[in-house]
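Colleague: Sequence plus the predicted model coming up.
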Amino acid sequence: MDDWTVPKANDAIHISLVPPSSFPESQKTHSFNPALTYQLFDNETIYGYKNLSVDLQFRQDDMSPSLCVKYDEKLPTAGASSADAEDEEKIDQVEEILQGYLPSDTPSTLDLSPSSFTPPGALVNTYTRDNSTYEIYHSNLSDPQTRTLIHRMQILVLFFIEAGSAIDTQEEDEWLRNRWDVFLLYERLPDSKFSFVGYCTVHKYWYFTKSPNDTAAGTEFSLDALQSQTFARQYRARISQFLILPPFQQKGHARELYAIIIKTYLAIEEVKEITVEDPSTRFEELRDVADFKRLKENNILSGDVPELLLLRQKPAKEWIETQRGIAKMPLRQFQRMIEMLLLAKIFQSEGGDVEHQKHRFELYVKERLYRHNRDVLVQLEKGERAEKLTETYMNVTVDYEFLLSKAGQKTSFGDPARKIIAGKRPAGNISTIVEDEEMEEEEEEELEPPSKKMRVRKD
C-alpha cells in the first residue's frame, strides 16, 4: 500500500470511556479499538492521510461523545490547485463519515464537568461482581432521555456488532418509537454516580396466530375484512442489539443482562415469544447455555416426559407446542434445548440400557433433521442421504456436548467431542447439512425477512 493509505482502520481509531471530574479518583479511563470498521470504510482501510489518529471519547455516565481527527498530511480536496480528480474520489472523509453517526453538536473536546445523571427507566436488577455493584434499567425509546443515550452511542454498534445497524432515533411516530425497548447496564459508583457498561435493544413485533375460523383456502385479506376484525395485542420480542463494551467483557455481565431480559418478557402476558436477530456465535453459546439451564431448573423433563418424546407420536408434538409457549421460545430453539436435556439424561444414566437410549435419541434427532431438510435430502441417493444425515447428527451431538460442558453437565461421548470441549465450540457451519441463519419463525411479522440462498439446514 502507498504512503497515503492507513492499512488498518481499526488501529487508527481510539475509543475511550472517560470519567467526569465528579467521579471517584479511583475511576480510570478505559481505552480500546473497534473490532469492525468495514461498514464505514471499504476493506477496513482509510485512504488519503499520513499518520492518521482518530480519538472518539465518551463520558462514562451519559455517553456524551467527542470526536477529534488528527493527521500529519491529507491529500488535497476538490478545488485545491494540486487536487487530483482520481484521488479525490478515493479520499475517505473520516470526520464527515463518523459525524454521520454522532449527534450533530458533537465537539472535538469532551466536557467532563459534574452532572447529576441517573440512568433512565425502571431498575429491574442489581448484582455484584468483584466488589462492584451493577444495575440494569428497563426503558423504552419513547423516553427522551433514553432516545438521547442511544443516539449518542449507537456508532458503537457498527464497531462491535457484525452487520449491526443504527436505530432511527429521529422517528417522530410515537407508536413506532414505543416498539423499541432498551435495557441499560451501569456500574453504580459511590455518591450515586453511574458508569456505562453495556446495553440491549429489543424490537417488539405483532405476533399473529391462526384463527380457528381460518379455512383451508385461507383467510380473507381484504381491507374491509381486516378492519372488521379485533386482533389480540400479542407481541414477539426480538433481541436486536446486544453489546457489552470490551473493558467489561468475559466478566459475566452478558449473562446477567440476558437473564433479566428473559425474566422481564416472561412476566409480560402480551409477549408470546422471545427471539434473537442474527445472533453471533458467542451470543448463541451464551443463549443456549442460559436457555438449557432455565428449562433444567424448571424440571421440564420430569416423570414420563422423556418416554413420551422419544415415542415421537402426536402427544409429543402437542407437549412441545404447549411447553414452548410457556417458555416463550421459538420452535427451533426449544427443540434443540429439549434434545440437550435428553442427551444430558443419557449421560447421567447407568446400567445396560444406555446404548438403547442413545439409539432412540439418535432416531429422535434424525427425524427432526430429516423433516427440516427433506426437500434437499430427497434429491440425494439413498446411501448418500443416510450418510449426510448421520454426519449431521454426529456434529449436532458434538455441539451439544460442548454446550453441556459449558453448562457444567456430565459428558461422555467419543474423542471428537472431547477434543472440542478441550478447545472451543466449532465455528461456522459444522456439517454438510448446514444450519440455516436464524430467522426465528418470523414469517408472520409485517416486515419480510431478507432473501437468502436456499441451504440445507441443521435445524
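Modeller: Looks like it came in fine.
Colleague: among the helices and strands of this structure, which has the poorest mean pLDDT?
Modeller: None of the helices or strands of the chain scores lower by mean pLDDT, DSSP states H and E than helix 415-422, at a mean of 38.
Colleague: show me where the stretch 301-450 of the chain has strands.
Modeller: In the stretch 301-450 of the chain, no segments count as strands under DSSP state E, counting those that start in this stretch.
Colleague: what about it, any weak spots by pLDDT?
Modeller: Within the stretch 301-450 of the chain, the stretches with pLDDT under 70 are 352, 412-450.
Colleague: Please repeat the previous calculation with a cut-off of 50.
Modeller: 413-424, 426-450 (pLDDT under 50).
Colleague: all helices in it, in order from the N-terminus.
Modeller: Applying DSSP state H, counting those that start in this stretch to the stretch 301-450 of the chain gives helices spanning 305-311, 314-327, 331-348, 354-377, 382-406, 415-422.
Colleague: The stretch 151-300 of the chain too?
Modeller: Going by DSSP H, counting those that start in this stretch, the stretch 151-300 of the chain shows helices at 155-160, 174-178, 223-228, 253-266, 281-297.
Colleague: List the buried residues in the last one.
Modeller: Translated: helix 281-297. Going by neighbour count (16 or more other CB atoms under 10 Å), the buried part of helix 281-297 is 283-289, 291-296. All C-beta spots, glycine's among them, are computed from the backbone N, C-alpha and C.
Colleague: Relative to Phe196, how far out is Asp111?
Modeller: From Asp111 across to Phe196, the span is 16 Å (CB to CB, to the nearest Å).
Colleague: who's in contact with stretch 165-176?
Modeller: Here stretch 165-176 makes contact (CB atoms under 8 Å, 6 or more residues apart in numbering) with 101, 141-142, 147, 150-151, 154-155, 157-158, 177, 180, 201, 241.
Colleague: Turn those residues into CSV, including distance to Gln39.
Modeller: Output for these, formatted as CSV (distance: CB to CB, whole Å):
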residue, distance to Gln39
Tyr101, 10
Leu141, 22
Ser142, 27
Arg147, 22
Ile150, 18
His151, 18
Gln154, 12
Ile155, 10
Val157, 9
Leu158, 5
Arg177, 24
Trp180, 21
Thr201, 17
Gln241, 14
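Colleague: among those residues, which are in strands?
Modeller: Among the contacts of stretch 165-176, the ones falling in strands (DSSP state E) are 180, 201, 241.
Colleague: got a list of what the second one touches?
Modeller: The contact partners of Thr201, by CB under 8 Å, 6+ apart, come to 141, 150, 167, 180-183, 239-241.
Colleague: Lowest-confidence entry in these?
Modeller: The lowest pLDDT within the contacts of Thr201 belongs to Ile167, with 91.
Colleague: ok, the most centrally placed residue in the chain to Ile244 distance?
Modeller: Closest to where the C-alpha atoms of the chain average out (CA atoms, centre = their mean) is Pro279, at 4.1 Å. Counting by CB to CB, the separation of Pro279 from Ile244 is 14 Å.
Colleague: And Trp175, by the same measure?
Modeller: Counting by CB to CB, the gap from Trp175 to Ile244 is 30 Å.
Colleague: Comparing those two, which residue is more hemmed in?
Modeller: When Trp175 and Ile244 are compared for neighbours, Ile244 comes out ahead with 21 against 8, by other CB atoms under 10 Å.
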